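**Q** Compute the structure for the input listed below.
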Amino acid sequence: MIAKLLAFRLTLGLTDESWKLIMSENPEDFYLSKEEPVKGCLLALQRIIIAQNGHMIETRKYGMPCFCYKKKIICYLWTDKKTGQPYILMADGQKLEHPALETGNRSRMKILRVNPEIDIQIETIRELLMDAIALHL
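**A** Alright, predicted model coming up:
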């Protein structure tokens with residue numbers, strides 16, 4: 001089993017830090033592993049997302065904080081490999097239309113980049129979350 005996990009890790013090209021986060025059972029490890037101001041930004045995003053709806057819960061999928069509404073995945077939090085800046089990955093992004101969302105080379109998901117050096121656009125995030133939740137009503 002360990003050999004299979006190691007082969008999987010090598011196939012994905014994960015760093016030691018990324019692998020430890022994926023294998024960690026403590027959801028807070030993702031946030032605590034980041035440096036400021038990214039850590040504070042991610043923690044603020046976590047609070048904003050959870051506060052959006054009383055049915056929103058946080059879990060882990062693929063080592064990322066994952067936010068679900070009534071067991072339906074709404075979004076993930078992650079950081080850009082090149083810039084280290086946080087972003088919200090909208091699970092059903094292809095169904096959402098908003099000028100702040102980027103598709104990139106993704107077919108299903110879209111991202112909302114968040115600059116940790118400036119004020120978080122809370123209203124934009126809330127609007128996107130409401131639209132994403134509405135897809136599952």
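
**Q** For the rest of this, base every contact and every neighbour count on C-alpha atoms.
**A** Fine.

**Q** quick one: the strand of greatest length in the chain to chain centroid distance?
**A** When the chain is parsed with DSSP state E, its longest strand is strand 72-79. Put simply, strand 72-79 sits 4 Å off its chain's centre (Cα atoms, centre = their mean, to the nearest Å).

**Q** The following helix or strand past it: partners in the sheet, and parallel or antiparallel?
**A** Remark: after strand 72-79, the chain's next helix or strand is strand 86-90, criterion DSSP states H and E. Counting by DSSP bridges, the strands paired with strand 86-90 are strand 72-79 (antiparallel), strand 110-113 (antiparallel).

**Q** Out of these, flag the one nearest residue 49.
**A** Residue 49 lies closest, by Cα to Cα, to one member of these: strand 72-79, at 8.9 Å.

**Q** Tell me the buried residues in the closest one?
**A** 73-79 (16 or more other Cα atoms under 10 Å).

**Q** again, but for stretch 119-133
**A** 125-126, 128-129, 131-133.
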